[in-house]
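Chemist: need coordinates for the following:
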Amino acid sequence: MESVIVILAVLFLAMVALGVYAGVKAVGAAKRGVERTVNQARRTVEDTTLRARTYGQPGPAGELARLRLSLRTSMRATQDALEAGVAEDASLSESLDLFRRLSAHGHELDADLKRLEREPDRAKVASLLPELRERTERVTHSADALRWAARDRAQRFAADDLDSLSAQIDMEAGALRHWSQEGTQADAAPAQGAGRTASWPAAGAAGGAAGGPARSAESGEGPAEGQPQAITAPDPRLNTYSWQKSPRPETTN
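Modeler: Have a look, this model is predicted:
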């Protein structure tokens, strides 16, 4: 009895632990989902603000906004492309590692640009713009190179697969046509043999076929069993149709 109680207690504790673990996982997943949604909304608002500053603020402030928007757009597009492609092509994992290293430089540059947005000395900011522009172009160029290389690789694999598939389809189509030609030739051979046999009847058979109906007609007997019956035209007076009136009976005076 005590062993049964111990087993039930262990099962209860296991179920409680499993429930707690599932609850923690669910809370963690919900929290990550909320954080992802908040981060996405924050990025959208910040990108919209930078785009507005690019067109609405001339001078160093507008240039800083343009550099930040270009950097963020390029890095985000490359990250999405590599993370989506590595699931299908494991060789992109090395490219993804290189992008993570590049992202460290990109975040540092974005932090510098964001800090300079609050700098009141516009002349100092203007003097730093050439160097900042060069850094931004180097980072975005590297990110674009990784993204376009991954895209070209995916397209090349798709083109190779399409070429292989087209070759297989052509071979199958040729095999189907060859089979249909053989079937046509096989069907034509018996028909030709039958034609040759029918054109050369046996003499006895021909004579019997010719003399049979004549002898039956001379003797006055009906056609023998197995011989074709004579075709008699139907009497047209016996054919009635639904739209004809019934014939009136003849009367005699």
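Chemist: okay, now the unreliable bits of the stretch 51-200 of the chain?
Modeler: Per-residue confidence of the stretch 51-200 of the chain (counting by pLDDT under 70) places the weak regions at 179-200.
Chemist: tell me where it has helices.
Modeler: Along the stretch 51-200 of the chain, counting by DSSP state H, counting those that start in this stretch, helices occupy 60-86, 92-117, 122-198.
Chemist: okay if I get the ones you listed as JSON lines plus distance to T49 and mean neighbour count?
Modeler: Every C-beta, even on glycine, is put in place using the N, C-alpha and C of the backbone. Below are those laid out as JSON lines (distance: least, Cβ to Cβ, whole Å; neighbours: other Cβ atoms under 10 Å):
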{"stretch": "helix 60-86", "distance to T49": "8", "mean neighbour count": "19"}
{"stretch": "helix 92-117", "distance to T49": "10", "mean neighbour count": "15"}
{"stretch": "helix 122-198", "distance to T49": "18", "mean neighbour count": "12"}
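Chemist: out of the ones you listed, nearest to F12?
Modeler: The closest approach between F12 and any of these, judged by Cβ to Cβ, belongs to helix 60-86 at 42.6 Å.
Chemist: relative to helix 122-198, how tilted is that closest one?
Modeler: The directions of helix 60-86 and helix 122-198 differ by 30 degrees, with axes from the mean of the first three to the mean of the last three Cα atoms, to 10 degrees as the criterion.
Chemist: which elements pack onto helix 60-86?
Modeler: Helix 60-86 sits against helix 2-56, helix 92-117, helix 122-198, with contacts defined as 3 or more Cβ pairs under 8 Å, 6 or more residues apart in numbering; DSSP states H and E.
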